[in-house]
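In: Give me the fold of what follows.
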Amino acid sequence: MCCLFHYICPMSETVISLTNAFIFQTNNTLVLHDVNVDIHQSEFAYLIGKTGSGKSSLLKTLYGELPLKEGSGTVAGVNLKTLHRKSTPQLRRKIGIVFQDFQLLSDRSVMDNLLFVMKATDWKDKSAMLKRAQDVLTMVGLPTKDYKMPHELSGGEQQRIVVARALLNNPSVILADEPTGNLDPDVSDDIMKLLHDIADGGTSILMATHDYRLINKYPGTIFNCADNTISKKDSII
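Out: Numbers count the residues shown, from 1 in each chain. Next up, the predicted model:
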């Protein structure tokens, strides 16, 4: 599997940068202030903190769901401060998003789920689309599941499909919001190994999680949401 992810990229390239950023919730409540975060190419980073500490709001800001009103920030070269709703697809084509609850379309097959995303991100060539879809399914270890409906897959398989979906546009970074939250420990380990393989191949990962077992087992940079700001930690102990 590792060879499928092989990609050489300078570690010095910054794919996420926030400087003195203020993060607000949907109702305009300030949840984080003076946020300074830099994540580089191939870096695996965790975002930890109690429920309600601002993790999801930060991720939503990074993928353009919430505006960055104060401070500065870039994701995959896109300026978040000047990002408008109509140009959000430009950002989404450069990143991948993995959700806890999968958010697969239940009325269509795995392949059609992937094709739907590619059509939404301006893919035009049907043969190229089919090839890319098969490539990402192979990357996540499910090359023969293209015809399956989501309900025919296990939770772990569905999350692998979500990771495949996130890889379609060869993103600079994947933002993962509790990707193992609905999975048992063994399946969670499989997803973590997959995500680390992806990071080793050059795609940065920022993963929000409550599972400290995974952080201890699969080390990475740790950003802690607490006291309405974010600090970098050496460990969770």
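
In: quick one, domains of the chain?
Out: The chain breaks down by automatic domain parsing into domains covering 14-93+173-182+204-237, 95-170.

In: per-residue pLDDT, the residue most central in space within the chain?
Out: Geometric centre of the chain, nearest residue: L175, 2.0 Å, by Cα atoms, centre = their mean. pLDDT recorded at L175 is 96.

In: Just confirm it is within a helix.
Out: No. Counting by DSSP: H, G, I helix; E, B strand; the rest coil, L175 falls outside a helix, being strand.

In: picking that back up, the domains of the chain into JSON lines, with extra columns for distance to L195?
Out: (Each C-beta comes from the backbone N, C-alpha and C, glycine too.) Formatted as JSON lines, these follow (distance: least, Cβ to Cβ, whole Å):
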{"stretch": "domain 14-93+173-182+204-237", "distance to L195": "5"}
{"stretch": "domain 95-170", "distance to L195": "7"}
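
In: before we move on, back to that, report the contact partners of the residue nearest to the centre of the chain.
Out: L59, L62, Y63, I95, G96, I97, V98, L206 (Cβ atoms under 8 Å, 6 or more residues apart in numbering).

In: quick one: low-confidence parts of this protein?
Out: Scanning the chain for pLDDT under 70 picks out 1-12, 237.

In: Now name the helix or strand holding the spatially most distant residue from the centre of it.
Out: Distance from the C-alpha centroid of the chain, by Cα atoms, centre = their mean, peaks at S127 (26.5 Å). Following DSSP states H and E, one finds S127 within helix 126-139.

In: tell me which residues in that helix are buried?
Out: For helix 126-139, burial by neighbour count (16 or more other Cβ atoms under 10 Å) applies to M129, R132, A133, V136, L137, M139.

In: show me where this protein has strands.
Out: Ranges of strands in the chain, per DSSP state E, are 14-24, 30-40, 44-49, 70-75, 78-79, 95-99, 173-177, 204-208, 221-226, 229-233.

In: a markdown table for these, including distance to G155?
Out: Formatted as a markdown table, the strands of the chain follow (distance: least, Cβ to Cβ, whole Å):
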| stretch | distance to G155 |
| --- | --- |
| strand 14-24 | 28 |
| strand 30-40 | 28 |
| strand 44-49 | 21 |
| strand 70-75 | 29 |
| strand 78-79 | 32 |
| strand 95-99 | 13 |
| strand 173-177 | 15 |
| strand 204-208 | 17 |
| strand 221-226 | 26 |
| strand 229-233 | 30 |
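
In: ok, now how distant is the closest residue to L32 other than its chain neighbours from K50?
Out: Distances taken as Cβ to Cβ, 6 or more residues apart in numbering place I23 nearest to L32, at 3.9 Å, with adjacent residues excluded. Distance of I23 to K50, computed by Cβ to Cβ, to the nearest Å: 15 Å.

In: Neighbour count: the two, which is higher?
Out: For I23 versus K50, the count of surrounding residues by other Cβ atoms under 10 Å is larger for I23: 28 against 11.

In: Who are the contact partners of the residue nearest to L32?
Out: Contacts of I23 (Cβ under 8 Å, 6+ apart): L30, V31, L32, H33, V35, G54, S57, L58, T61, L66, L68.

In: who's in contact with the top helix by length along the chain?
Out: Secondary structure of the chain per DSSP state H: the longest helix is helix 185-200. Defining contact as Cβ under 8 Å, 6+ apart, one finds that helix 185-200 is touched by 1-2, 5, 42-44, 140-141, 154-156, 159-160, 163, 167, 174, 176, 179-180, 183, 205, 207, 211, 213-214, 217-218.
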